[in-house]
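Chemist: my questions concern the predicted model and sequence given below.
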Amino acid sequence: MFVVPRSDQKILITPALSLLNAHGAQFDAAQVLELLPHDWPVTTVKAFLLRSIRGSMDTHRTGKIEYNLSRGENLRVREQYISLQGDPIVITDNTRCPVCNLPFSDAAFVRYPNGVITHLKCGRNKTICPVTGTWFGKV
């Protein structure tokens, strides 16, 4: 830490205050207050303190907004996931693929939004149902 001789301290007060008032957001307010002389009135650093508090509050509020937006997005995705799981898919030994008419031999399959279930190899296009020709892409 750099120590300024007592004789030069009065000369540096004005530039120090100018620095705090111009670039105060880049300094930690608690550390600045610890470094300031105890005999300085609070009004001397009032502009710095106001900017620092406003910046801190802005950062806090922005963080809360981002947190709540991400929570809302998370809830939306969870709701969508739950709605997709809502309809049970039952595949028995007698269930056959409507495209190739072969039974399902493994657990891998494709389910389209209209309820059509096919083998992975039979359902290559994710946006068009191979049975009905319905398009599920975005408009």
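Modeler: Nice, I can see it. On a predicted model such as this, the values are computed, not experimentally measured, just so you know. Numbers count the residues shown, from 1 in each chain.
Chemist: give me every residue that touches I53.
Modeler: Residues in contact with I53 (CB atoms under 8 Å, 6 or more residues apart in numbering) are A29. Heads up, the C-betas are built off the backbone N, CA and C, glycines and all.
Chemist: what average pLDDT does the longest helix along the chain get?
Modeler: In the chain, ranked by residue count with DSSP state H as the criterion, the top helix is helix 46-85. Averaged across helix 46-85, the pLDDT comes to 91.
Chemist: next secondary structure after that helix?
Modeler: Going down the chain from helix 46-85, the next helix or strand is strand 110-111, by DSSP states H and E.
Chemist: centre of the chain versus that following strand, how much separation?
Modeler: The chain centroid and the centroid of strand 110-111 are separated by 31 Å, computed with CA atoms, centre = their mean, to the nearest Å.
Chemist: show me what the helix or strand just after that strand is packed up against.
Modeler: Next helix or strand after strand 110-111 toward the C-terminus (DSSP H and E): strand 117-118. Strand 117-118 is packed against strand 110-111, with contacts defined by 3 or more CB pairs under 8 Å, 6 or more residues apart in numbering; DSSP states H and E.
Chemist: what lines up beside the strand it packs on in the sheet?
Modeler: Paired with strand 110-111 in the same sheet, following DSSP bridges, are strand 117-118 (antiparallel).
Chemist: from V42, how far off is the residue nearest the centre of the chain?
Modeler: Centroid-nearest residue in the chain: S70, 5.1 Å away (criterion: CA atoms, centre = their mean). Distance, S70 to V42, using CB to CB, to the nearest Å: 38 Å.
Chemist: also Y112?
Modeler: For Y112 relative to V42 (CB to CB), the value is 68 Å.
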